[in-house]
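Visitor: okay, predicted coordinates and the sequence, questions at the end:
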Amino acid sequence: MLFSSIPFLYWFLPIVLLLYTAAPHRLKNIVLLLSSLFFYGWGEPRYVLWMLLAIVVAYLSGVLIESFKSSPGLARLVLVLSVSFDLLLLGYFKYADFIISNLNAVTGLSVPLLKISLPIGISFYTFQILSYTVDVYRGDVRAQRNILDLAAYVSLFPQLIAGPIVRYSDVEKQLKKRSHTIEKTAEGMGRFITGLGKKILIANLLGELCSSFRGLEDCSLLFFWLYAFAYSLHVYYDFSGYSDMAIGLGKIFGFDFLENFNYPFISKSITEFWRRWHISLSSWFRDYVYIPLGGSRVSAPRHLFNIFAVWMLTGFWHGAAWNFVIWGLYFALLLMIEKLWLLNYLKRNSILSHIYVILAAVLSFVIFDASNMAQACSVLRAMFGGGGYPLISTEAVYYLRSYFVVLAAAVAGATPLPKTMWNRISQHPVGGKLMVFAEPLALSALLVICTAFLVDGSFNPFLYFRF
Amino acid sequence: MKQYKNKVSVAVVGLVFFCLSLAAWILPSKDFSDSERRKLAVRPKLSLTAILDGSYMTDFESFTLDQFPMRDTLRSVKAFTTYYALGQLDNHGIYVKDGYAAKLEYPLDKASVSHAVDSFTRIYDQYLADKNTKLYASVIPDKGYFLAEKNGYPCMDYEMLFQILKDDMSFAEYIDITDTLDITDYYKTDTHWRQEKLIETAEVLASGMGTSLTGRYTVNTLDTPFYGVYYGQSALPLRPETIDYLTNDTLDGCIVTNHEKGTTGGLYDMEKGAGKDPYEMFLSGPVSLITIDNPNCSSDKELIIFRDSFGSSIAPLLAEGYAKITLVDIRYLRSDFLGRFIEFDDQDVLFLYSTPVLNNSETLN
């Protein structure tokens, strides 16, 4: 079930909200757990059991690790077994066919592919479970003794299928005690509807533009660049929109999730970009891979290796295909170059650094979107004049005209400007009074318009839910 | 102030949200969408099998979309937002220019056109190659031919489509009718052309096939307002139109046999004219096999037309020139079976198809 769907918005969510509101405090987590399992089972009836199994293993591991505090060897053994189980589960569902097909390619064998369908959200909840067991081992958090609370945390539907990757440490206290206030509800509602608008009115439309590009046989230089920019913005709005919806829903249910995006396209370096893009993932890899490997407090060659390893894994996390690995390594290369000398240079020129980041990001998303590296190279080559494409075409001009407003809104929205202006108006004496009614009316109108788009359209899956 | 605003926000948005939800749960379902001309999905039956294989969830999603309250109004909201707020140039590939709604037909699918030509060639090879038949082909341009390029919309390479038929259907003489048409010969809210504007087109076809028509008709207007197919698809408040149809003594005397239903009647099906798609008044709409007998024809010439829905409105005008016209729609009748229903002899044969059907020919059997 997707947030941006009629069954979720007007069937599932109102019922859950009513049940949650009516439930006494001690039963609220159970309501969340049951509704989350229903939510997950709606999309993947067969795979609910695997998630429950992962939760049970995580629960037992947490309890055992804490019990074996005085026997570090045993605690470590339980940790290793638990992490191995989680990675095996993820590896089997997500990477088995990738491994088999590459094995076949290298050895000439013809091992049949398993053709396993990927359970939705497995990358997200696996990483959440991993962070939980490691944090218990490190002593950063206490093991959750209530399996229902742990299950509620792992399966929590606001962030289950598409993140953000919520660390147990961030919600440990909130699982036991959290506040439900009008302020939080209003904030959550506004965040959710804004995210819905980002997803439906910008991300989905830019996705249509990208689909139109892919359906063309004859392209032009202009259309290649239009596609590359549109796709980059499409990914941003799709993912950040979904994160907004997750954070908004979390607030409505009393949780405060950490931000997942912070205007990445205003960054002045790739280093900064990755502090603003998919923050929950990059910080996860920092805390559970990069720092344990030694981070930057090692020799220079080892430091570079650490960057290489983390970014290869980051790329691989995004998908079981070589273009994702190359995408990750592309960023590894840029980060290495920045760390070695480029960062100092970028600090001297703000405009050039912005252009560099946007260009680097846009080119990376061409690799990200490609179905294979040959296609990625073909598009990249065409963007720089290869392939003999004309400069412009009727189709490129048409789609640029047709999507101009959406693109302009997307570019503006990717900066803090709209939010800054909104806040200024709200803080103004007259503006503040107007906002009392203008804001709820605007949100209601946005909700209705988004509903109109959903009703008129059809299934619109979130880009990242196969990760 | 902020606290007050929060309360108002929760109240107002909550009210809108829960009202829509309640309406979605309790309002009765509809069977059919007049604007979209299709059956609407109904609530699926709950079963363990359907849940385990996921079909219940998929069908439930379709049901919630189709049965959402104020669906047509919301589709109009979407259309208005798309065109006027977001400045997009089309909505679901439909655009409105100079008052005419048209669908983007782009790009040219050469494989599809070739598939269509292969279907026609198979018919020729199987039934007509050894007969003393005169074969003709003609292509009906869609509205995009007149609107798209001139208004900056992408359009297929029409000239290439015409050329493919000319080159690859060497067994048929190509009759070009594009010069007889302009945008005003089409309905504003529908794909089809207006019969009362086709006199010249019919005369060019007839003359190309060696027959002649009187060209004298009485124009009649159907009472039912006509909301063409783009009216529903565009979800914009386009004005309804009228359907005009042509009669004269010869046309009035024609007998139409609907071989699907085994019924006979006139050229114009008034029952269909009062139905959901009044254009179907022309020869009762999509029927696989129809014959038009003209007892008043001075010659015994016969014509077989392989056609799509555009053929329904022009065939009555051609009826003047032939004792019998057989209309075949190979989207509904496999060409392998034609021999069971038609005795191919020395009739004239006309392949008359519109550009959208040729560009999306997967339905041709």
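Guide: Looks like it came in fine.
Visitor: residues in contact with A:Y59?
Guide: When contacts are counted by CB atoms under 8 Å, 6 or more residues apart in numbering or on different chains, A:Y59 is found next to A:144, A:147, A:150-151. All C-beta spots, glycine's among them, are computed from the backbone N, C-alpha and C.
Visitor: so who does the residue in the stretch 201-350 of chain B that chain A sits nearest to touch?
Guide: With CB to the nearest CB as the measure, B:A235 is the residue of the stretch 201-350 of chain B nearest to chain A, at 7.0 Å. With contacts taken as CB under 8 Å, 6+ apart, B:A235 has the following neighbours: A:456, B:35, B:72, B:75-76, B:78-79, B:91.
Visitor: which one of those residues has the most neighbours?
Guide: The most crowded member of the contacts of B:A235, judged by other CB atoms under 10 Å in any protein chain shown, is B:R75 (26 neighbours).
Visitor: now it. Nearest residue, chain neighbours left out?
Guide: Counting by CB to CB, 6 or more residues apart in numbering or on different chains, B:R75 lies nearest to B:A235, which is 3.9 Å off, once chain neighbours are set aside.
Visitor: apart from its neighbours in sequence, what residue is nearest B:S55?
Guide: Leaving aside its chain neighbours, B:S55 sits nearest to B:P44 (7.6 Å; criterion: CB to CB, 6+ apart).
Visitor: now name the helix or strand holding the one you found.
Guide: Assignment of secondary structure by DSSP states H and E places B:P44 within no helix or strand.
Visitor: quick one, domains of chain A?
Guide: The record's domain parsing of chain A by automatic domain parsing lists A:6-178, A:184-456.
Visitor: got those as CSV, with mean pLDDT columns?
Guide: Compiled in CSV, the domains of chain A are given as follows (pLDDT from 0 to 100):
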stretch, mean pLDDT
domain A:6-178, 94
domain A:184-456, 94
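Visitor: so which of these is nearest B:L289?
Guide: Comparison of these against B:L289 by CB to CB identifies domain A:184-456 as nearest, at 35.8 Å.
Visitor: now that closest one, how far from the chain's geometric center?
Guide: Put simply, domain A:184-456 sits 10 Å off its chain's centre (CA atoms, centre = their mean, to the nearest Å).
Visitor: is chain B contacted by that domain?
Guide: Yes - using CB under 8 Å from any CB of the partner chain as the criterion, contacts between domain A:184-456 and chain B involve A:185-187, A:189-190, A:193, A:201, A:205, A:216-218, A:394-395, A:397-398, A:401-406, A:432-433, A:435-437, A:439-441, A:443-444, A:447-449, A:451-456.
Visitor: in helices only, show me the residues you listed.
Guide: Using DSSP state H to define helices, the subset of the residues of domain A:184-456 next to chain B located there is A:185-187, A:189-190, A:193, A:205, A:394-395, A:397-398, A:401-402, A:404-406, A:432-433, A:435-437, A:439-441, A:443-444, A:447-449, A:451-456.
Visitor: ChimeraX command to pick out the buried ones of the residues of domain A:184-456 next to chain B?
Guide: A single ChimeraX command is used to select the members of these judged buried by 16 or more other CB atoms under 10 Å in any protein chain shown:
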select /A:185,186,187,189,190,193,201,205,216,394,395,397,398,402,403,406,435,436,439,440,441,443,444,447,448,449,451,452,453,454,455,456
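Visitor: thinking again about what came up before, least confident pick among the contacts of B:A235?
Guide: Across the contacts of B:A235, the bottom pLDDT score, 74, is held by B:S35.
Visitor: residue contacts, the nearest residue to B:T363 once chain neighbours are set aside?
Guide: With CB to CB, 6+ apart as the criterion, B:T363 has its nearest non-adjacent residue at 4.4 Å, and that residue is B:R331. Under the criterion of CB under 8 Å, 6+ apart, the contact partners of B:R331 comprise B:286, B:288, B:308, B:357, B:363-365.
Visitor: tell me the pLDDT at B:R331?
Guide: For B:R331, the model assigns a pLDDT of 89.
Visitor: which secondary structure element contains B:V139?
Guide: B:V139 belongs to strand B:134-140 when assigned by DSSP H and E.
Visitor: neighbouring contacts of that strand?
Guide: Contacts for strand B:134-140 (CB under 8 Å, 6+ apart): B:120, B:124, B:128, B:161-162, B:165, B:169, B:171-177, B:193, B:205, B:208-210, B:310, B:348-355, B:358.
Visitor: CA-only coordinates of the following helix or strand past it in CSV, if you can.
Guide: Once the chain leaves strand B:134-140, the next helix or strand it forms, by DSSP H and E, is helix B:144-147. These are the backbone C-alpha positions of helix B:144-147, laid out as CSV (Å, rounded to 0.1, in the frame of the first residue of the first chain):
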residue,chain,number,x,y,z
GLY,B,144,-3.5,15.9,-35.4
TYR,B,145,-2.7,16.0,-39.1
PHE,B,146,-4.3,19.5,-39.2
LEU,B,147,-3.5,20.7,-35.7
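Visitor: helices or strands next to the longest helix belonging to chain B in the packing?
Guide: Looking across chain B with DSSP H, the single longest helix is helix B:2-26. Contact here means 3 or more CB pairs under 8 Å, 6 or more residues apart in numbering or on different chains; DSSP states H and E; on that basis helix B:2-26 packs against helix A:13-22, helix A:182-197, helix A:429-456.
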